[in-house]
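# Got a sequence here, can you model it:
(2 chains)
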Amino acid sequence: RKEVEQDPGPFNVPEGATVAFNCTYSNSASQSFFWYRQDCRKEPKLLMSVYSSGNEDGRFTAQLNRASQYISLLIRDSKLSDSATYLCVAYTNAGKSTFGDGTTLTVKP
Amino acid sequence: SAVISQKPSRDICQRGTSLTIQCQVDSQVTMMFWYRQQPGQSLTLIATANQGSEATYESGFVIDKFPISRPNLTFSTLTVSNMSPEDSSIYLCSGTGGSGELFFGEGSRLTVL
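Next up, the predicted model:
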């Protein structure tokens, strides 16, 4: 079993749709969690950190459930420019980041 | 976050040769890492580049194949030695901020013939 697992998708949604991505992690020593966005042939870029209390950044909402070892990302009012691969990452205080395989999103007109 | 300049951005190499990838950060960072991303897959950590000492390698990666240098807090190199077609991949260097978030260089796309 992988340490960080994501639904690979692909998710194909129309503009304006709401889409949710899920991620689970198995290492209970994981302390911090992040969502990254990776565009085709580009490096990953930090989208947002994930906190137990939930955090929102514009159309994006991230949530962490430590008891279930589950992380989510919700995108509202999808834009064409949201099309990308979204990577879930678990970080331990030993300095190690483990990446999920990514979820591919395509937003269509 | 800091900015990482990585080069070369891409290269095509012959089997059996070696390639060194360089990363320069515009500010001092405590930790730097080297990742590999094979086509259609996610990132796999190769090693942690330790300043002034030997890198810490993950399972499946060894120093003879992937020697790493980090002479100071802003610079690191990764060498892919005795390359084979299986080494064709994107290699990414990264640094970490204060809370574990990573920022990446633009990647080096390596093709081995």
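
# For the spatially closest residue to B:Asp26 that is not a sequence neighbour, give me the pLDDT.
Computed as C-beta to C-beta, 6 or more residues apart in numbering or on different chains, the closest residue to B:Asp26 that is not its neighbour in sequence is B:Val3, at 4.6 Å. All C-beta atoms are positioned from the backbone trio N, CA, C, and that covers glycine. We note a pLDDT of 91 for B:Val3 in this prediction.

# Could you tell me how far B:Val3 is located from A:Met48?
B:Val3 is 20 Å from A:Met48, where distance means C-beta to C-beta, to the nearest Å.

# So these two - more neighbours on which side?
A:Met48 (19 against 11; other C-beta atoms under 10 Å in any protein chain shown).

# Can you show me the strands along chain A?
A:4-6, A:11-14, A:19-25, A:30-38, A:45-50, A:55-57, A:60-65, A:70-75, A:84-92, A:97-99, A:103-108 (DSSP state E).

# The first one - contacts with which helices or strands?
Judged by 3 or more C-beta pairs under 8 Å, 6 or more residues apart in numbering or on different chains; DSSP states H and E, strand A:4-6 is in contact with strand A:19-25, strand A:84-92.

# Contacts only, for the residue nearest to B:Asp26.
Residues in contact with B:Val3 (C-beta atoms under 8 Å, 6 or more residues apart in numbering or on different chains) are B:Val25, B:Asp26, B:Phe103.

# Considering those residues, which possesses the most neighbours?
In terms of neighbours by other C-beta under 10 Å, those top out with B:Val25 at 22 neighbours.

# Against chain A, how distant is the closest residue to B:Gln22 other than its chain neighbours?
Computed as C-beta to C-beta, 6+ apart, the closest residue to B:Gln22 that is not its neighbour in sequence is B:Thr77, at 5.1 Å. Going from B:Thr77 to chain A by C-beta to the nearest C-beta, to the nearest Å gives 18 Å.

# Check which helix or strand B:Thr77 maps to.
strand B:75-80 (DSSP states H and E).

# what about the helix or strand just after that strand and chain A, touching?
Next along the chain after strand B:75-80, taking DSSP H and E as the criterion, comes strand B:89-96. Yes: applying C-beta under 8 Å from any C-beta of the partner chain, one finds strand B:89-96 in contact with chain A at B:Leu92, B:Thr96.

# and strand B:89-96, what does it pack onto?
Looks like strand B:89-96 contacts strand B:4-7, strand B:19-25, strand B:32-37, strand B:43-49, strand B:75-80, strand B:102-104, strand B:108-112 (3+ C-beta pairs under 8 Å, 6+ apart).

# from the middle of its chain, how far away would the fifth one be?
Right, strand B:75-80. 6 Å (C-alpha atoms, centre = their mean, to the nearest Å).

# mean confidence score for it?
For strand B:75-80, the per-residue pLDDT averages 97.

# Close to chain B: what parts of chain A are there?
So far as C-beta under 8 Å from any C-beta goes, chain A lies against chain B at A:31-32, A:34, A:36, A:41-46, A:49, A:87, A:89, A:91, A:95-102.

# Any quick PyMOL command for the buried ones out of those?
Command for PyMOL, covering only those of the residues of chain A next to chain B found buried under the criterion 16 or more other C-beta atoms under 10 Å in any protein chain shown:
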select buried, chain A and resi 32+34+36+43+44+46+49+87+89+91+96+97+98+99+100+101+102
